[in-house]
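K.L.:
sequence first, then the predicted structure, then my questions.
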Amino acid sequence: MSAGTPSTVPAEPPGLAVTALAGGVGGARFLRGLLAALRTSEDPARQRARVTVIGNTADDITLHGLRISPDLDSVMYTLGGGIDEVRGWGRSAETSGVADELAAYGRTPDWFTLGDKDIATHVVRTQLLAEGATLSEATRVLCERWRPGVDLLPMTDDPVQTHVDLAPVAASDRPADAGEAGDRRVHFQEWWVRLHAAVPARAIVPVGAADARPAPGVLAAVRDADVVVLPPSNPVVSIGTILAVPGIREALRTTAAPVVGVSPVIGGSPVRGMADACLASIGVPTTAGAVAGLYADFLDGWLVAPEDVGGVEARPGLTVRGRPLLMSSPAATRALGAATLDLALELRAPEAAA
Ligand code: GDP
Ligand code: CA
């Protein structure tokens with residue numbers, strides 16, 4: 001081809017812009033399946049997809065002077081190949097030398113597991129923040145190492161922390177290690193990790209959310225997406241806290257992209273973990289239909305387990321589909337990712353999909 005001859009090579013079709021909201025372990029597992037489904041697809045638009053993840057930061061906590069972002073780290077480690085596959089969180093092949101030494105000094109709390117390798121992540125994050133970086137910038141630096149294959153955006157760079165108002169409980173009903181639990185407010189991590197959500201919550205409050213601003217790129221990622229996905233993350237303390245940042249819910253309502261979610265509840269059970277305790281605290285039953293109700297103002301598609309299809313109230317504008325939802329193997333999780341994309345692409349406005 002001589003200089004100046006116009007190229008006849010057809011332009012490659014653009015990759016799909018996929019945006020997901022995510023909590024920690026459940027979100028991260030699902031995202032790994034979604035990425036696997038995209039990369040192994042025969043559709044060039046899916047193969048070349050760009051995935052943006054809006055991560056929950058309301059679980060964040062400062063311990064021993066270190067800023068810990070458990071959900072961002074679960075996504076980063078899982079997609080970057082550093083996760084402990086058995087636990088589903090934290091670093092693989094982890095040791096606890098630092099935590100043992102802190103305990104020897106009597107430093108508390110001792111109920112939050114901090115592995116040695118994981119601590120390095122928190123040291124880097126804390127240092128960057130102390131130097132004036134935003135959480136978005138610190139996350140970008142950490143992801144330079146892990147290359148998770150997605151753009152990982154914190155929901156906000158502003159401080160938001162989920163706190164839990166514990167219900168008063170009779171002394172005889174308290175868990176053995178609950179101390180003075182009951183009728184007081186604790187950080188979500190203390191309720192979840194130390195008390196195993198065994199003390200009922202009167203309220204779950206995303207402190208700071210009302211004044212938080214979406215981090216740079218968050219609203220645009222929802223607005224400009226071809227497809228928006230809600231993984232089966234905890235509807236109260238993962239997705240619910242992201243939705244509590246002003247502007248994000250509105251962006252989901254108004255985006256032209258279909259919003260498709262995966263139920264975190266299968267047959268009346270939250271599968272793994274204690275999400276039913278969170279739903280109970282806001283008076284919502286642990287059913288796939290009730291969770292869909294929390295997203296009713298923006299949800300276009302809802303994947304539920306086959307046995308749950310009949311339990312989801314029909315509503316104009318909502319397509320419900322039954323699929324196996326258990327993320328029990330890489331193949332099953334990839335199939336779930338593919339089913340989510342299939343439903344979303346079906347629901348795309350015909351003119352947008354053309
Ligand atoms: P966390 O921040 O680490 O608690 O993780 P997420 O909020 O992202 O996800 C936790 C939720 O994932 C749990 O509350 C479960 O309801 C859901 N979950 C866990 N395993 C599965 C699974 O195999 N299938 C489905 N559909 N949901 C799951
Ligand atoms: Ca979490």
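P.N.:
Structure received. Ligands and ions are numbered 1, 2, ... in the order given.

K.L.:
what residues does the chain put near ligand 1?
P.N.:
When proximity is defined as Cβ under 6 Å from any ligand atom, the chain approaches ligand 1 at 22-27, 71, 74, 232-234, 238, 262-264, 266, 270-273, 275, 325-327. Heads up, the C-betas are built off the backbone N, CA and C, glycines and all.

K.L.:
how about A209: what's its closest non-neighbour residue?
P.N.:
A244 (3.9 Å; Cβ to Cβ, 6 or more residues apart in numbering).

K.L.:
so that neighbour sits against D211, correct?
P.N.:
No - with contact defined as Cβ atoms under 8 Å, A244 does not count as touching D211 (10.8 Å).

K.L.:
so which of the two has more stuff around it?
P.N.:
The neighbour count for A244 versus D211, taken as other Cβ atoms under 10 Å, is higher for A244 (20 against 12).

K.L.:
wait, isn't A28 in contact with V75?
P.N.:
Yes - with contact defined as Cβ under 8 Å, A28 counts as touching V75 (4.6 Å).

K.L.:
between those two, which is the more surrounded one?
P.N.:
Between A28 and V75, counted using other Cβ under 10 Å, V75 has the larger neighbour count: 31 against 27.

K.L.:
got any ranges where the stretch 1-150 of the chain has weak pLDDT?
P.N.:
1-7 (pLDDT under 70).

K.L.:
please enumerate the strands of it.
P.N.:
Secondary structure of the stretch 1-150 of the chain (DSSP state E, counting those that start in this stretch): strands located at 17-22, 50-55, 61-63, 66-68.

K.L.:
tabulate these (a markdown table), appending distance to V164 and mean neighbour count.
P.N.:
Below are these laid out as a markdown table (distance: least, Cβ to Cβ, whole Å; neighbours: other Cβ atoms under 10 Å):
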| stretch | distance to V164 | mean neighbour count |
| --- | --- | --- |
| strand 17-22 | 21 | 25 |
| strand 50-55 | 21 | 24 |
| strand 61-63 | 13 | 16 |
| strand 66-68 | 17 | 19 |
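
K.L.:
out of those strands, flag the one nearest D151.
P.N.:
Nearest of the strands of the stretch 1-150 of the chain to D151, taken as Cβ to Cβ: strand 50-55 at 4.5 Å.

K.L.:
can you check the pLDDT for the residue nearest to A209?
P.N.:
Looking at A244, its pLDDT stands at 98.

K.L.:
for the one 5 residues further on, same thing?
P.N.:
Among the per-residue scores, R249 holds a pLDDT of 98.

K.L.:
how about the contacts made by the residue of the chain at minimum distance from ligand 2?
P.N.:
With Cβ to the ion, the shortest gap between the chain and ligand 2 falls at G24, namely 3.7 Å. Counting by Cβ atoms under 8 Å, 6 or more residues apart in numbering, G24 makes contact with N56, D59, P70, D71, S74, V75, W89, S233, S238.

K.L.:
now with 7 Å?
P.N.:
Contact analysis of G24 by Cβ atoms under 7 Å, 6 or more residues apart in numbering lists D59, P70, D71, S74, W89, S238.

K.L.:
am I right that the fourth one is in contact with R87?
P.N.:
So the one you mean is S74. No - here S74 lies out of contact with R87, judged by Cβ atoms under 7 Å, at a distance of 10.2 Å.

K.L.:
neighbour-wise, which of the two wins?
P.N.:
The residue with more neighbours, out of S74 and R87, is S74; 26 against 13, by other Cβ under 10 Å.

K.L.:
not counting sequence-adjacent ones, nearest residue to that one?
P.N.:
Distance criterion Cβ to Cβ, 6+ apart; nearest residue to S74, sequence neighbours excluded, is G24 at 3.8 Å.

K.L.:
how close does the one you found sit to V124?
P.N.:
For G24, the distance to V124 equals 19 Å [Cβ to Cβ, to the nearest Å].

K.L.:
pull the residues that contact the helix ranked longest in the chain.
P.N.:
What stands out as the longest helix in the chain, according to DSSP state H, is helix 330-347. For helix 330-347, the surrounding residues in contact (Cβ under 7 Å, 6+ apart) are 29-30, 32-34, 36-37, 46, 227, 229, 258, 260, 262, 300-301, 303, 319, 321, 323-327, 353.

K.L.:
which of these fall in helices?
P.N.:
The members of the contacts of helix 330-347 that map onto helices under DSSP H are R29, F30, R32, G33, L34, A36, A37, R46, A353.

K.L.:
can you list the residues of this protein near ligand 2?
P.N.:
G23, G24, D59, D71 (Cβ under 5 Å from the ion).

K.L.:
surely the third one meets D71?
P.N.:
Read it as D59. Yes - between D59 and D71 there is a contact at 5.2 Å, judged by Cβ under 7 Å.

K.L.:
and the two? which has more neighbours close in?
P.N.:
Legend: neighbour count by other Cβ under 10 Å for D59 and D71, higher for D71 (29 against 26).

K.L.:
now that one: closest residue in space, sequence neighbours ignored.
P.N.:
In space, and not counting its chain neighbours, D71 is closest to G24: 4.0 Å by Cβ to Cβ, 6+ apart.
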